[in-house]
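Asker: My questions are about this predicted structure, shown below with the sequence.
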Amino acid sequence: MAKLGFNYLPYGLMVALVLIVAAVSLITGQQQNAQGALVIDAGQEKVLGCIDSDKENDPWKFGDVRVGTIKYEDSCFEKTLKQYKCGKDSRAVLVRDFRCAQGCEKGACKRNI
C-alpha cells in the first residue's frame with residue numbers, strides 16, 4: 001500500500017522567513033513612525049520641560065514648541081495648519097489640524113486682505 005505524503009517544506013520556509021524578519025527588526029530596533037507623530041523619550045520630557053512660543057494657539061501666528069533641544073514648528077500642508085502645544089507633564093502634543101480659509105503659509109493661516 002502506497003503511503004500518501006505531505007510536503008511541509010514550503011510552509012517551513014515561510015515560517016522561517018517571517019521569524020528572521022521579526023528577529024532582524026527587533027535587533028536593529030527599527031520602528032515605522034507615522035508622519036507627524038511625536039517621538040520623545042518620556043524621561044527626557046520631564047527633565048527638560050516644554051516651552052510654547054504661541055500659548056494661545058492663534059492660527060494666524062506662527063509658533064513652535066521646544067522640548068529640550070527638539071523643536072516642533074507649526075507647519076502648513078496646502079490649506080491645513082498643524083499646530084503644536086505643550087501638554088500635560090511638559091509633553092509636546094499635536095493640538096489640531098486647522099483648515100485655513102485663505103490658505104496657509106510659513107506655519108500660519110493667511111489673513112483676509
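Answerer: Good, I have the coordinates.
Asker: Give the full set of residues in contact with C104.
Answerer: Counting by Cβ atoms under 8 Å, 6 or more residues apart in numbering, C104 touches C76, F77, E78, K79, T80, L81, K110. Using the backbone N, CA and C atoms, a C-beta is placed for each residue, glycine as well.
Asker: what do you get if the cut-off is 7 Å, keeping everything else the same?
Answerer: By Cβ atoms under 7 Å, 6 or more residues apart in numbering, the residues touching C104 are C76, K79, T80, L81, K110.
Asker: Surely V18 is within a helix?
Answerer: Yes: with DSSP: H, G, I helix; E, B strand; the rest coil as the criterion, V18 is part of a helix.
Asker: for the contacts of C104, which one is nearest L9?
Answerer: For these, the residue nearest L9 by Cβ to Cβ is T80; the value is 51.8 Å.
Asker: if we can go back for a sec, farthest-apart pair in the contacts of C104, please.
Answerer: Farthest pair in the contacts of C104 (Cβ to Cβ) is T80 and K110. Separation: 12.6 Å.
Asker: can you give me the strands in the protein?
Answerer: 51-52, 64-67, 70-73, 75-77, 80-86, 92-99, 104-105, 108-109 (DSSP state E).
Asker: Packing partners of the second one?
Answerer: Think strand 64-67. strand 70-73, strand 80-86 (3 or more Cβ pairs under 7 Å, 6 or more residues apart in numbering; DSSP states H and E).
Asker: Sheet-wise, list the partners of the last one with their directions.
Answerer: Partner strands for strand 80-86, per DSSP bridges, with pairing direction: strand 75-77 (antiparallel), strand 92-99 (antiparallel).
Asker: Low-confidence stretches in this protein?
Answerer: Scanning the chain for pLDDT under 70 picks out 1-6, 25-26, 29-48, 91-92, 94, 113.
Asker: related to what we said a few turns ago, I27 is nearest to which of the strands of the chain?
Answerer: Judging the strands of the chain by Cβ to Cβ, what sits closest to I27 is strand 70-73, at 26.3 Å.
Asker: Nothing else from me, thank you.
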